[in-house]
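> the amino acid sequence is not available; the structure is as follows:
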C-alpha cells in the first residue's frame, strides 16, 4: 500500500510564480512521493489528485521540468502550476517528477528515472484511481527531450533502468514536447559514420545548433566538449550509439504515441529546426503529430493562456476522447 501524506499548509521550495493553494483549488496535493530508486537513493514526485469523484478512473498528465539536464535550481517545483490546476479540474491526475541530473550521473540515468515514474503510476493505478492506459507526458526544454524520449523509446529495454516496477511498461499514450525536438546527436556525434548512416537509412534530417552551423563542426571546443562529457560520461563523438538511443527521432520507424510539438519562432537557445525536423520525421512514418510554432516567443514558458489551452485540449482529446 502507498503511504501518501497529504500536504497540510504551504508547499515547500516553490517559487512565488508557481505557488498554488491546492486545497482551495479542490485538489489533494501529495508532496515528495517516492516513486523508485535512482543511483541507490529514493526519487520523488509531487502528486495532484482532484477531490471531486470521477465516474471512471482519471487520466494522467506527467510534468517533466527543464534546466539543461543539469541546473539544480530547476526542480519538479518548476512547473506550469496554473495549467496543472486547470487539468485537475478537468479530471486529470497530475504528477510532477524529479530525475537525476547529469551532474550526478550521465545519460541514460535521467531517462531511466522518468520511465520508472511511469511504471510506478501504472503499478499503483488502482490505489490512485488512475487509468494506466491513459497516461500522457509533458516537458519543457530538457524535460521536453525526456518526455519525447519516454514516448518514443518504450520498446528499448536498454533505457528502462532498475529503479523499480520492472513488470510494468513505460509506454505512454500522448506526449507534449516544448522547444526541444528529437535529436541529441548534435552533442558531438553528428559526424560519426554510424549516425549519418542511420539517418540516411531512416530518411531523417539531423539538426545542428546555430553556432555549430556557422563553424566547422569538427573543430574542438573545450567548453562544449566538457558539456558533452557531462552528458555522456565521455566526449559526444565517442558515444554515437548512446546519442542515437537518447534521440527520439531515431525511433520514428517504431510504433509511437501521439505527439504535440510546440516551439517559439524566436528561440535563440534551441532553434525551431529541431522541432521542424522531428515533426517531418514523425509525419514521414505516418504518426499522429501536431506542430505549433509560437510567434514572437523564445525559450521558456509560453506567455498566453491559449497555448496552455492547446496542451490541455491535446491531452483531453488523446487520453479521454479516444484520440480522434
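All right, it came through fine. Predicted, not measured: the structure shown is a model, and the values here were computed from it.
> which residues of the stretch 151-300 of the chain score low on pLDDT?
Scanning the stretch 151-300 of the chain for pLDDT under 70 picks out the ranges 211-221.
> one more time with 80, if that's ok
For the stretch 151-300 of the chain, residues meeting the criterion pLDDT under 80 lie at 210-224.
> ok, which stretches of it are helices?
Assigned by DSSP state H, counting those that start in this stretch, the helices in the stretch 151-300 of the chain fall at 193-202, 210-214, 222-232, 240-245, 273-284.
> do you know which of those lies nearest residue 7?
When the helices of the stretch 151-300 of the chain are compared by CB to CB, helix 222-232 sits nearest residue 7, at 34.1 Å. All C-beta atoms are positioned from the backbone trio N, CA, C, and that covers glycine.
> other residues contacting that closest one?
69-70, 102-103, 106-107, 187-188, 235-239, 242-243 (CB atoms under 8 Å, 6 or more residues apart in numbering).
> then stretch 188-196?
185, 206, 208, 212, 217-218, 224-225, 228, 232, 235-241, 243-244.
> ends of that stretch, how far apart?
By CA to CA, to the nearest Å, the extent of stretch 188-196 from end to end equals 12 Å.
> could you do stretch 23-31 as well?
The straight-line separation of the ends of stretch 23-31 (CA to CA) is 13 Å.
> cool, stretch 159-175 as well?
Span of stretch 159-175 from end to end, CA to CA: 18 Å.
> could you give the angle of whichever helix in the chain runs longest to helix 222-232?
Ranked by number of residues, the top helix in the chain under DSSP state H is helix 109-123. Here helix 109-123 runs at an angle of 30 degrees relative to helix 222-232 (axes from the mean of the first three to the mean of the last three CA atoms, to 10 degrees).
> which elements pack onto helix 109-123?
Helix 109-123 sits against strand 27-38, strand 41-50, strand 58-64, strand 93-97, strand 130-140, helix 142-152, with contacts defined as 3 or more CB pairs under 8 Å, 6 or more residues apart in numbering; DSSP states H and E.
> chain center to that helix: distance?
11 Å (CA atoms, centre = their mean, to the nearest Å).
> stretch 311-321 too?
Distance of stretch 311-321 from the chain centroid (CA atoms, centre = their mean) equals 17 Å.
> buried residues, that stretch. List them.
311, 312, 314, 315, 316, 318, 319, 320 (16 or more other CB atoms under 10 Å).
> and of those, the nearest to residue 297?
Each of those was checked against residue 297 using CB to CB; the closest is residue 311, at 14.4 Å.
> that closest one should be in a helix, yeah?
Yes - according to DSSP: H, G, I helix; E, B strand; the rest coil, residue 311 belongs to a helix.
> surely it touches residue 139?
No - using CB atoms under 8 Å, residue 311 makes no contact with residue 139, being 11.2 Å away.
> find the residues that touch each one of these two.
Taking CB under 8 Å, 6+ apart as the contact rule, residue 311 and residue 139 both touch residue 176.
> separation between the residue nearest to residue 237 when sequence neighbours are not counted and residue 301?
Nearest residue to residue 237, sequence neighbours excluded (CB to CB, 6 or more residues apart in numbering): residue 188, at 4.6 Å. Distance of residue 188 to residue 301, computed by CB to CB, to the nearest Å: 29 Å.
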